[in-house]
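**Student:** got a sequence here, can you model it:
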Amino acid sequence: MQNDRYIAAVDQGTTGTKCLIFDINGKVISKAYKRHRQILPKEGWVEHNPLEILNNVKFVLNSAVNSAKLEAKNIIAVGISNQRETTILWDKKTGMPLSNAIVWQDMRTQDLIKKIKDNYGEREIEQKTGLKLSTYFSASKIKWLIDNSDKIKGLIREKRVLAGNIDSWLIWKLTTEKNHLTDYTNASRTSLMNLRTKEWDSDMLDIFKIPEGILPEIKPSINNEGFGTVNYGNFKGVKIMGVLGDQQAALLGERAVSDSDIKVTYGTGSFILQNTGRKIKRERGLLTTCAYGTSKNDCIYALEGSVPISGEIFDWLEELGIMKSFSEIKDAITANADTNLILVPAFSGLFSPYWDESARGIIIGLTRKSNKLAFIKAAAYSICMQVVDIIKRMENFNNKINVDGGVASNDYIMQLQANLLEKRIYRSDLVEESAFGAALSAGMSSGIWDFNSIKNLNRSGRYFHPKKDSKANNTIYNKWVDAVKRSRN
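**Tutor:** As a prediction, the model looks like this:
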């Protein structure tokens, strides 16, 4: 192997876009990042500007390559990981978006979801797609955009509308509007793909009244054909060789590729995935999803628990003036702060394992002695308890849980998580696991690595060993469950 070959990994997330350049040994050579705006037109609505995201992707690609003092000819391939479920409709003829993207956190389709639930129930949707009937997923967002725009309806009749998640939008634009594609993982987050066939399901399309012609072709996440060739600027001629939804990319980045392996990503929200191999497993309150695919007939599946509010809870405390620095988290966790204060951050309802969009945030246990450290401690506990709630429903895994994401960089929260789970926590020194997973998918598609060789890349990290106190943990968990009950309905 030559030492002048590199992979560019784009990680397009909820709040910003990163590009990391990796060498063939999995080492990070350079990194670039750019935030994008959070557009909040109404209560419960969250939007992004698709053109802003596209421009940011181009910016970080160029910045990362320039920072590494490389040329595009040194880049073997591009891999993409992306925020999932966030939905865009655009005009095939002009290449322009027909509205802002509707973000995965957006709740505007609640009435539509209720109507579908009343008319069709949930069982068939969950059996075929592995997903709950929820505002979270793409199908109701596509349906809402169509129903609320005469222009879009007209363009659909003219066969000019294309729809997709962020991955499809980026592929379409980066390949100069030639390839309308998605991968197994992103398609499995739409409520429109059949988990067994890995194809758009006609019954789901009928339920949501979505024409199949506007949807992208579904391809395996890792495949030797790739997803098209970039056709702009210095990257002209470089192929997009791997695509994964960000949480599945983190699973691959953590090398959680054996049956029953678990990873937890702590970002804006928390996302817990357990590899279930080629088995489609179902557990009450959890989602079944595609982890990654390597051929048309080969898909690895996962169980997933999704939590919408995790690290974002600290942003909220900062906005309120309760918390001024992340250094205060240490003081809150280690100090003898009030542990009777319970915070359930159901700001936009509860996802896994409760799936109650009527739930709202609640704080209980307030006393005159409750101070700002008690609030910060309650916030840290809320992040950890939501993960406990989900992992309690996952079975047959070894005594190690892989973690990544921004919150995972905090030693005190990770030790608290290990204590509450009574399991070992392993945190890799490489915190950018979604980007690394995108790089691995592109590298494997390009023949640089295989599933055996990736296990030895970037293997330095730290373990957090639990300090067991089962009786105290049970008391805390019972308080948490009681608080969640009060937040619902």
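**Student:** tell me which residues are up against the helix or strand Ala249 falls within.
**Tutor:** In the assignment (DSSP states H and E), Ala249 maps to helix 246-253. By CB atoms under 8 Å, 6 or more residues apart in numbering, the surrounding residues in contact with helix 246-253 are 11-13, 81-84, 185, 221, 244, 257, 261, 263, 265, 271, 273, 275, 289-292, 302, 304, 404-405, 430, 432-438, 440-441. No exception for glycine: its C-beta is placed from N, CA and C like everyone else's.
**Student:** which of these fall in helices?
**Tutor:** Thr185, Glu433, Ser434, Ala435, Phe436, Gly437, Ala438, Leu440, Ser441 (DSSP state H).
**Student:** okay, the helix holding Ala249 in CSV with CA atoms only?
**Tutor:** What follows is helix 246-253, C-alpha atoms only, in CSV (Å, rounded to 0.1, in the frame of the first residue of the first chain):
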residue,chain,number,x,y,z
ASP,A,246,-24.8,8.5,11.4
GLN,A,247,-25.8,6.1,14.1
GLN,A,248,-25.1,3.0,12.0
ALA,A,249,-21.8,4.7,11.0
ALA,A,250,-20.9,5.0,14.7
LEU,A,251,-21.7,1.3,15.2
LEU,A,252,-19.3,0.4,12.4
GLY,A,253,-16.8,3.0,13.6
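**Student:** just the strands in the stretch 1-150 of the chain please.
**Tutor:** Taking DSSP state E, counting those that start in this stretch as the criterion, the stretch 1-150 of the chain carries its strands at 6-12, 16-23, 28-35, 47-48, 75-82, 87-91, 101-102.
**Student:** let's have the ones you listed in CSV, adding mean neighbour count and distance to Ser382.
**Tutor:** CSV is the format used below for these (neighbours: other CB atoms under 10 Å; distance: least, CB to CB, whole Å):
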stretch, mean neighbour count, distance to Ser382
strand 6-12, 29, 26
strand 16-23, 23, 24
strand 28-35, 17, 25
strand 47-48, 21, 26
strand 75-82, 29, 26
strand 87-91, 24, 28
strand 101-102, 26, 26
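**Student:** can you list those strands in JSON lines and add mean pLDDT and distance to Asp411?
**Tutor:** Below are those laid out as JSON lines (pLDDT from 0 to 100; distance: least, CB to CB, whole Å):
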{"stretch": "strand 6-12", "mean pLDDT": "95", "distance to Asp411": "24"}
{"stretch": "strand 16-23", "mean pLDDT": "94", "distance to Asp411": "23"}
{"stretch": "strand 28-35", "mean pLDDT": "94", "distance to Asp411": "21"}
{"stretch": "strand 47-48", "mean pLDDT": "96", "distance to Asp411": "32"}
{"stretch": "strand 75-82", "mean pLDDT": "94", "distance to Asp411": "26"}
{"stretch": "strand 87-91", "mean pLDDT": "97", "distance to Asp411": "37"}
{"stretch": "strand 101-102", "mean pLDDT": "97", "distance to Asp411": "35"}
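**Student:** can I get the ones you listed in CSV including distance to Lys468?
**Tutor:** What follows is those, written out as CSV (distance: least, CB to CB, whole Å):
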stretch, distance to Lys468
strand 6-12, 36
strand 16-23, 37
strand 28-35, 36
strand 47-48, 43
strand 75-82, 35
strand 87-91, 44
strand 101-102, 44
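**Student:** Ala418 versus Glu254, what's the distance?
**Tutor:** 16 Å (CB to CB, to the nearest Å).
**Student:** which one of those two has more residues nearby?
**Tutor:** For Glu254 versus Ala418, neighbours defined as other CB atoms under 10 Å are more numerous around Glu254 (28 against 22).
**Student:** average pLDDT for the helix holding Ala249?
**Tutor:** The average pLDDT within helix 246-253 is 94.
**Student:** quick check, distance from that helix to the centre of its chain.
**Tutor:** 8 Å (CA atoms, centre = their mean, to the nearest Å).
**Student:** do stretch 9-24 as well
**Tutor:** For stretch 9-24, the distance to the chain centre is 14 Å (CA atoms, centre = their mean).
**Student:** next, the distance between the ends of it.
**Tutor:** 13 Å (CA to CA, to the nearest Å).
**Student:** with stretch 100-116 instead?
**Tutor:** 24 Å.
**Student:** relative to its centre, which residue of the protein is most distant?
**Tutor:** In the chain, the residue that sits farthest from the middle, by CA atoms, centre = their mean, is Arg368; the gap is 39.1 Å.
**Student:** can you check my assumption that that residue lies in a helix?
**Tutor:** No - read with DSSP: H, G, I helix; E, B strand; the rest coil, Arg368 is coil and lies in no helix.
**Student:** thought Ile21 was touching Ile7?
**Tutor:** Yes - using CB atoms under 8 Å, Ile21 and Ile7 qualify as a contacting pair, with a distance of 7.3 Å.
**Student:** joint contacts of the two?
**Tutor:** Residues touching both Ile21 and Ile7 (CB under 8 Å, 6+ apart): Ile75.
**Student:** quick one: low-confidence residue ranges for this protein.
**Tutor:** Scanning the chain with the threshold set as pLDDT under 70 gives 1-3, 336-339, 396-399.
**Student:** give the contact list for Ser149.
**Tutor:** The contact partners of Ser149, taken as CB under 8 Å, 6+ apart, are Leu98, Ser99.
**Student:** one more: Asn56?
**Tutor:** With CB under 8 Å, 6+ apart, Asn56 has these contacts: Gly16, Thr17, Lys34, His36.
**Student:** reformat these as a markdown table; add distance to Leu192.
**Tutor:** Shown next, in a markdown table, are the contacts of Asn56 (distance: CB to CB, whole Å):
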| residue | distance to Leu192 |
| --- | --- |
| Gly16 | 28 |
| Thr17 | 26 |
| Lys34 | 31 |
| His36 | 26 |
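**Student:** Trp90: which of the residues you listed is nearest?
**Tutor:** His36 (17.1 Å; CB to CB).
**Student:** can you report how many residues lie near the residue lying closest to the closest one once chain neighbours are set aside?
**Tutor:** Leaving aside its sequence neighbours, His36 sits nearest to Glu52 (CB to CB, 6 or more residues apart in numbering; 5.0 Å). As a burial measure, Glu52 scores 17 neighbours (other CB under 10 Å).
**Student:** and Glu52, how far is that from Ser63?
**Tutor:** From Glu52 to Ser63 the distance is 16 Å (CB to CB).
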